[in-house]
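K.L.:
Got a predicted structure here, sequence first:
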There are 4 protein chains.
Amino acid sequence: MAIDVSDFVSSISDSLISWRRHLHKFPELGWTEYETTYLIAKELDKLGYPLSLGKDALVSEERMGVPNHDVLRNAENKALQNGVPAEWMSKMKGGHTGVVARLDTGRPGKHIALRFDIDALPILENKWSSKDHFPTIHGFSSQWPNVMHACGHDGHAAIGLGLATFLSTYQEKLSGTFTLLFQPAEEGSRGAKSMVSKGWLDDVDVFLSGHIGIAPMQIGEVVASAHGFLATSKLDVLFNGKSAHAGVEPQEGRNALLAAASASIHLHAIPRHSGGETRINVGTLQAGSGRNVIPDHAAMSLETRGETSILNQYMEDEATKIIQHSAAIYGVDCDIQLVGKGIEASSEQGWKEFLDDATKSSKRVKKVTETLPLKASEDAAYMLNHVRDRGGKATYFIFGTPLAAGHHHPLFDYDEKVLDVALDVYISSILSLS
Amino acid sequence: MAIDVSDFVSSISDSLISWRRHLHKFPELGWTEYETTYLIAKELDKLGYPLSLGKDALVSEERMGVPNHDVLRNAENKALQNGVPAEWMSKMKGGHTGVVARLDTGRPGKHIALRFDIDALPILENKWSSKDHFPTIHGFSSQWPNVMHACGHDGHAAIGLGLATFLSTYQEKLSGTFTLLFQPAEEGSRGAKSMVSKGWLDDVDVFLSGHIGIAPMQIGEVVASAHGFLATSKLDVLFNGKSAHAGVEPQEGRNALLAAASASIHLHAIPRHSGGETRINVGTLQAGSGRNVIPDHAAMSLETRGETSILNQYMEDEATKIIQHSAAIYGVDCDIQLVGKGIEASSEQGWKEFLDDATKSSKRVKKVTETLPLKASEDAAYMLNHVRDRGGKATYFIFGTPLAAGHHHPLFDYDEKVLDVALDVYISSILSLS
Amino acid sequence: MAIDVSDFVSSISDSLISWRRHLHKFPELGWTEYETTYLIAKELDKLGYPLSLGKDALVSEERMGVPNHDVLRNAENKALQNGVPAEWMSKMKGGHTGVVARLDTGRPGKHIALRFDIDALPILENKWSSKDHFPTIHGFSSQWPNVMHACGHDGHAAIGLGLATFLSTYQEKLSGTFTLLFQPAEEGSRGAKSMVSKGWLDDVDVFLSGHIGIAPMQIGEVVASAHGFLATSKLDVLFNGKSAHAGVEPQEGRNALLAAASASIHLHAIPRHSGGETRINVGTLQAGSGRNVIPDHAAMSLETRGETSILNQYMEDEATKIIQHSAAIYGVDCDIQLVGKGIEASSEQGWKEFLDDATKSSKRVKKVTETLPLKASEDAAYMLNHVRDRGGKATYFIFGTPLAAGHHHPLFDYDEKVLDVALDVYISSILSLS
Amino acid sequence: MAIDVSDFVSSISDSLISWRRHLHKFPELGWTEYETTYLIAKELDKLGYPLSLGKDALVSEERMGVPNHDVLRNAENKALQNGVPAEWMSKMKGGHTGVVARLDTGRPGKHIALRFDIDALPILENKWSSKDHFPTIHGFSSQWPNVMHACGHDGHAAIGLGLATFLSTYQEKLSGTFTLLFQPAEEGSRGAKSMVSKGWLDDVDVFLSGHIGIAPMQIGEVVASAHGFLATSKLDVLFNGKSAHAGVEPQEGRNALLAAASASIHLHAIPRHSGGETRINVGTLQAGSGRNVIPDHAAMSLETRGETSILNQYMEDEATKIIQHSAAIYGVDCDIQLVGKGIEASSEQGWKEFLDDATKSSKRVKKVTETLPLKASEDAAYMLNHVRDRGGKATYFIFGTPLAAGHHHPLFDYDEKVLDVALDVYISSILSLS
């Protein structure tokens, strides 16, 4: 095996940074990653991959939390104006983003699948309060208000393109089949299930995915197999009451704001569960239309989590009951929509030994830790479980990097050297597996 | 006195409707009535009135609840694009709307002041759900989302222009002085005080104002002097907490959404007061930035009311205490701003007899009721009290009309014949007083 | 009519004080006034009145809020030990207290009914913190913990006995019929309805009742006819949940304490009603059995009130809805019992003129006021309405007296001279009516 | 070592049951175990032990959550009436219960201490709803309302007496020193600290304690060393407001009931902590004095717990803040008392191997499990930590038994055969250690 991983990574390092910064500058939310998907797909196309784009990459009905028609239409128009060709858009429109590339070497060998998530978050990047914010200094902070790559998926996508380049370059020296999934809508646990349902992972031998950051670690530190994926449910609630003049006839109103307020407090008072960790968060609430009008509507977004799917279901069931009766207290109707659902992932052993061995000659990988709890939800759980359930092996790496601020923070940023480390780990793993 | 009131009103009736419909189609919120003020002022200018526009009409520092710079700037740009001349805008910019016109007949006589409010409400006019919505049928429903003349101030302004036309037309037959105040920002009790402070009413003998609608009455029914103006305080609250990842470290957050929710519920539980009627309403609440982030901010708008200023102060004091400690429960900071304050108005007797006499030959006025409780706040209270305190007389009429839906309702509308009745009442009163 | 009212009142003044103090020292709660009823009935018996005692005085099934069997049994045993003869007790046991005495003069004339309430309150008389507490100084403060005549019914009963003495003494000089109702369980609006249902007032021409204290007035001031009786509902609620070890398996509990807490707060947030005054109070709450056990039960007593019966029903309906859904939020059952219900009383005019005339020669009555709002509930409303509905006349006096502390206060007390004034008013009224 | 453990246990089995049933029938709450202490001490006295009773057994000032004077006085009078001699009572009165017995064999050897807790719970034993309740069938259910041995401390005390008998019987064959602590007030984590402070454990080599029940296990199953003792704080809160007539002047009240209700709900909404398990429970709430009086007082008992002392402190700190500001919302004062505090216990390894070896010839011990999480607070943690901190060894056994209902349940009961197993384990351990 005469491939020099270190040299290859060095050769493509500038491209990784370039891709990452472009994506960071033009972030897109889940199911509207039209420009992002186009950028990735165009690169894969150049590398010669056969592509499954948008509607061909996933099962439309299995998508969760797709934005409404107006939001999609606006995003599509923006993408068309920004140069996404109409024929590409025709495959993506209506919230069908993401792309799958498959490379069959023609030689017998393992089927290895890798997944890279590509969506951004509804966060306003903080470009003004700190002189040290790296993306601002280097001119690639988000061009869009309230949309930001604050979780590192810009880097994940770049690493994926780096790996695609590697596979394409060295395909004659490789054997088996490789499937690269560029997944939309990871945030909110909304996209993975629809890709799994398409069958991409049905005969996969090994599934690899991972995340940069997460815990306080240095460049070069790698976790071989994260555990502790929290199961989660994402709920949107609309409370519909009745407005009335607050001074003239307050008794005629049906107060949706108070129904939502009461629900919020009671939701946070769901009893702790002795079976393990649980979480609840009412993340947003918008209610009412005018100061002197009894509020007739309220919109709330919330999420529950559990260390296991059973625990999460306990939380979701309690939440549903609480919301319904909080509404009823105020004579208000409510509509509860499940817009995302993530599951726990089973654990697998032996990855530390594997990775120690695979990266033993790597200069970039300095320390391999067996495992670390994610303490968060990760849409990849659907993929890990699907592969393991069918007898394959699967892991989820964590790539250490200092963070300027925590994930989902307006000042989030990471050391771009982690991109090289992550690419090194993926390539070394593939070579070791083949 | 050979003026035929009925004929004059008939002659101008079409103009009243035309003005009203134009204003209804292009509504503007308090302190951004740039186009509205321009339209009114241009008409007054044509009639030959000397004008005090914008900064000349009020004391800038006494304005309450002025929108922020961005909102004002956007409204100013919109007005400039829609044809408001730059030289007019220079007198209004920064939220200095409204205009005062004064006609001095040169003949000794009473100083009579009349006030007409001109602002619209932050309500989305319902143009789709009803086939019967008159403004939609006749093509003059609001062109702007979330702004609507849903309280009849479009009609008030039109009546004011009708009266200005009358005074101008018949000035040679009149004596004394007339001051017409076209007041901005009535909604939220934000504008009257700043006009009073300018001194317009300091030597007024009689002050007249009024409202169309309010109670279920027919065209032709008029209330001679409304009572029961509720004192009110308008408060804006910002809760500032601390965000954190809701799954990874919920204990690190300081939950501004829950602080606001708790405050909302406790505010509505302020004890009733045996001294008279009180009101509280949390009208709007916006909180949080993302589903999986502990909400670090919440913005709430609320109002208190009281049958008397003492009762309203009780409510405001309780509200302040509740908000502060609800924030403290969650370790959250709060900032409470008073953005509007309305006062009770004292009552005055004798107006039924006056109006019965003044309108005895009117065909339009069919029934005069002595009084009716407003059960709402009315910014004019500052003006009524100011005039009465200095020995003048003052009243607030109510002009009956069927209503398609209550005030502040997305389907609010009235019978335009009320415009004629109101104008008749004002003119008849003036002629009777002179 | 050669009766000297003033002389008679003076002659019996010491007895009034003596009765009052005895009753004050041995107070009894509603439906357990065994010793109180016995004391009154024994006096009436001595005066020669035919008596309707206990079960003969009311309709058993129409009583509201009767205490449970244990409470009644304990009270009965105490009364037996304190000297109430067993044959008297047999007519009263099971919560059948109160007594009706009727005097038929045999001469044609009006049928006049008078009602005196006799029950005490569950309040701990404050015998220690003030050196000035009159009942303590004179050795007649309550002998029982948590039971106190803190509303003046001890005085009402004494006045009733004074009046019975008068009628008995001067019966030969009187005409018509007199019915004296000594009513149990006025507190909580629980007893009047059951006496009305017995038919005592069916053919009454004039009904008189009244209260000492209420508003700040001097001795000698009398209100001719109070208005503003608030309609009221008294509710007892039991929440039944499920206990669990709070440390080991909190998720297994169904928390009745939190259900009751949530209900309490939401009850106080019922919107104010533009139709008039409303009230709500959760007066008591007992919940839970141990610190480390999820509370499986909670008992709550509450009341609603309204300026009219419609307003009170609005409050009761809202309260019921809120309680049910607050329970449901916590998966807890609830049982709501109506244990008392008071109604508004219609008003009647002309009583000031009547009383001015009736007391014109009285030295004790110094000032007659037409009316005053009670702003409280009064069980007599059932009686006032019943008489008025059948064409009779009815009024409810207020007898002025300085108060050491407000009604229902642990330091409540009044000037005993008010007893003489009240008796004077009743006698003068009767003589004037005859 | 010619002692036949099995024979000894069989010989004393009937006594264990007899002691247990007597204690079960006459349960006493923490710090009032006068009769319980007397029964135990009398037995120890008969066996010849020198005794440290009551004030000699603990440091008075280190006791937590001692009941008030009235409660103690009543319990003391009851105990005197039930035969506790006055000279014994003089050492115990004022809530100084419990007894320590020490046996010094005179032969060099280890100092082994054992602790048995003796207090009951404020629970009403369910003697009526089930025909199968063993204590009822056999006539030893609790004679006192609202007091019940629902956690098995009756058995613990019996086992302690069994062990005392063993040590006394075989003292000539044993070496070293034995200290038996019969500890009061374990419930609520109130008593252990005061015994530790007395110095009983300062030079102990091995400390043994344990609990029957806890997890679903069969007779014969034993856990060698429980872990997961939750740290805990026990708080009593008094809210002091101001009463007022709820109908006449509700605005004058300061509502302590609502303050407590609001605190209760907010306490249960303290954010979960990513550092580990936490708990909160408002166990009891009593508020208000009458239905129509604004409640001026409320008393609340609550507890917090945490997997570690740091986590528990987080909960206690949040709770304190919430209570203070919930009171302030209603203008109510609050007084927060810490009445109990339990700490986490560190873990120790090697006890499974020890116990497997010690009980290898036991017919009663059938299965030894290494550890099991207690998921509850245990006052013994103070003792375990004290001994380990000074270099000794310490463990806390769990003795398996089927349970009729969970701990702290009104139908709690266990299989009395567990008493034999537990005694066997203690004796076998001692023999193995010596």
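P.N.:
That came in fine, so what should we check first?
K.L.:
quick one, what contacts the residue nearest to A:I294 when sequence neighbours are not counted?
P.N.:
Once flanking residues are discounted, A:I294 sits nearest to A:G253: 2.8 Å by Cβ to Cβ, 6 or more residues apart in numbering or on different chains. (Glycine included, C-beta is placed from N, CA and C.) Applying Cβ atoms under 8 Å, 6 or more residues apart in numbering or on different chains to A:G253 gives the contacts A:241-244, A:246, A:294-296, C:271.
K.L.:
Show me which of those residues is closest to B:T136.
P.N.:
A:S243 (19.7 Å; Cβ to Cβ).
K.L.:
how about the one helix or strand A:I265 maps to: buried residues?
P.N.:
Using DSSP states H and E, A:I265 maps to helix A:256-268. Of all the residues in helix A:256-268, those buried under the rule 16 or more other Cβ atoms under 10 Å in any protein chain shown are A:256-268.
K.L.:
can those residues go into JSON lines with extra columns for pLDDT and distance to B:H409?
P.N.:
Conversion of these to JSON lines gives the following (pLDDT from 0 to 100; distance: Cβ to Cβ, whole Å):
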{"residue": "A:A256", "pLDDT": "97", "distance to B:H409": "16"}
{"residue": "A:L257", "pLDDT": "97", "distance to B:H409": "18"}
{"residue": "A:L258", "pLDDT": "97", "distance to B:H409": "20"}
{"residue": "A:A259", "pLDDT": "97", "distance to B:H409": "20"}
{"residue": "A:A260", "pLDDT": "98", "distance to B:H409": "22"}
{"residue": "A:A261", "pLDDT": "97", "distance to B:H409": "24"}
{"residue": "A:S262", "pLDDT": "97", "distance to B:H409": "25"}
{"residue": "A:A263", "pLDDT": "97", "distance to B:H409": "26"}
{"residue": "A:S264", "pLDDT": "97", "distance to B:H409": "28"}
{"residue": "A:I265", "pLDDT": "96", "distance to B:H409": "30"}
{"residue": "A:H266", "pLDDT": "97", "distance to B:H409": "31"}
{"residue": "A:L267", "pLDDT": "97", "distance to B:H409": "32"}
{"residue": "A:H268", "pLDDT": "96", "distance to B:H409": "34"}
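K.L.:
Can you check what angle separates the helix holding A:I265 from helix B:256-268?
P.N.:
120 degrees (axes from the mean of the first three to the mean of the last three Cα atoms, to 10 degrees).
K.L.:
The residue nearest the centre of chain A: what's it in contact with?
P.N.:
Residue closest to the average C-alpha location in chain A (Cα atoms, centre = their mean): A:E186, at 2.5 Å. Counting by Cβ under 8 Å, 6+ apart, A:E186 touches A:30, A:117-119, A:153, A:192, A:378-380.
K.L.:
Can you give me the pLDDT of it?
P.N.:
Here the pLDDT value assigned to A:E186 is 96.
K.L.:
Are we agreed that it is in a strand?
P.N.:
No - counting by DSSP: H, G, I helix; E, B strand; the rest coil, A:E186 is not part of a strand but coil.
K.L.:
quick revisit: packing partners for the helix holding A:I265?
P.N.:
Contacts defined by 3 or more Cβ pairs under 8 Å, 6 or more residues apart in numbering or on different chains; DSSP states H and E place helix A:256-268 against strand A:231-240, strand A:278-287, strand A:297-306, helix A:309-329, helix B:256-268, strand B:278-287, helix C:256-268, helix D:256-268.
K.L.:
hmm, back to that, right, and out of the contacts of A:G253, which lies closest to chain D?
P.N.:
Closest to chain D out of the contacts of A:G253 is C:P271 (15.4 Å), distances taken as Cβ to the nearest Cβ.
K.L.:
Now the closest one. Its backbone dihedrals?
P.N.:
phi -60, psi 140 (degrees, to the nearest 10).
K.L.:
ok, it - contacts?
P.N.:
A:250-251, A:253, A:255, A:294, B:268.
K.L.:
For the residues you listed, give me CSV that also has distance to C:G275.
P.N.:
Output for those, formatted as CSV (distance: Cβ to Cβ, whole Å):
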residue, distance to C:G275
A:P250, 11
A:Q251, 7
A:G253, 14
A:N255, 18
A:I294, 16
B:H268, 18
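K.L.:
got the CA positions of stretch A:220-229 in PDB?
P.N.:
Extracted C-alpha coordinates of stretch A:220-229, given in PDB (Å, rounded to 0.1, in the frame of the first residue of the first chain):
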ATOM      1  CA  GLY A 220      -4.600  15.600  17.300                       C
ATOM      2  CA  GLU A 221      -6.800  14.000  20.000                       C
ATOM      3  CA  VAL A 222      -9.500  11.700  18.600                       C
ATOM      4  CA  VAL A 223     -12.300   9.700  20.200                       C
ATOM      5  CA  ALA A 224     -12.600   6.300  18.600                       C
ATOM      6  CA  SER A 225     -16.300   5.800  19.200                       C
ATOM      7  CA  ALA A 226     -18.700   8.200  20.900                       C
ATOM      8  CA  HIS A 227     -21.500   6.900  23.000                       C
ATOM      9  CA  GLY A 228     -24.400   8.600  24.900                       C
ATOM     10  CA  PHE A 229     -26.500   9.800  21.900                       C
END
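K.L.:
Which ones among the contacts of A:E186 lie within strands?
P.N.:
A:D117 (DSSP state E).
K.L.:
Kindly reformat the contacts of A:E186 as TSV containing distance to chain C and pLDDT.
P.N.:
Output for the contacts of A:E186, formatted as TSV (distance: Cβ to the nearest Cβ, whole Å; pLDDT from 0 to 100):
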residue	distance to chain C	pLDDT
A:G30	32	96
A:D117	33	98
A:I118	38	98
A:D119	34	97
A:H153	35	98
A:A192	29	97
A:E378	25	92
A:D379	27	95
A:A380	29	95
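K.L.:
Please identify which of the contacts of A:E186 is nearest to D:G65.
P.N.:
Nearest to D:G65 among the contacts of A:E186 is A:E378, at 45.8 Å by Cβ to Cβ.
K.L.:
Can you report how many residues neighbour the closest one?
P.N.:
Neighbours of A:E378 under the rule other Cβ atoms under 10 Å in any protein chain shown: 27.
K.L.:
ok, now which ones touch it?
P.N.:
Taking Cβ under 8 Å, 6+ apart, one finds A:186, A:189, A:211, A:226, A:229, A:342, A:345, A:396 in contact with A:E378.
K.L.:
If you drop the residues flanking it in sequence, what lies closest to whatever residue of the stretch 101-250 of chain A ends up closest to chain C?
P.N.:
In the stretch 101-250 of chain A, no residue comes nearer to chain C than A:P250, which is 4.3 Å away by Cβ to the nearest Cβ. Excluding its sequence neighbours, the residue lying closest to A:P250 (Cβ to Cβ, 6+ apart) is C:P271, at 4.3 Å.
K.L.:
any idea of the pLDDT on A:E348?
P.N.:
Predicted confidence (pLDDT) for A:E348: 85.
K.L.:
OK, contacts around it?
P.N.:
Here A:E348 is in contact with A:225, A:388, A:393-395 (Cβ under 8 Å, 6+ apart).
K.L.:
Mind doing that once more with 10 Å?
P.N.:
Residues near A:E348 by Cβ atoms under 10 Å, 6 or more residues apart in numbering or on different chains: A:224-225, A:227, A:371, A:384, A:387-388, A:393-396.
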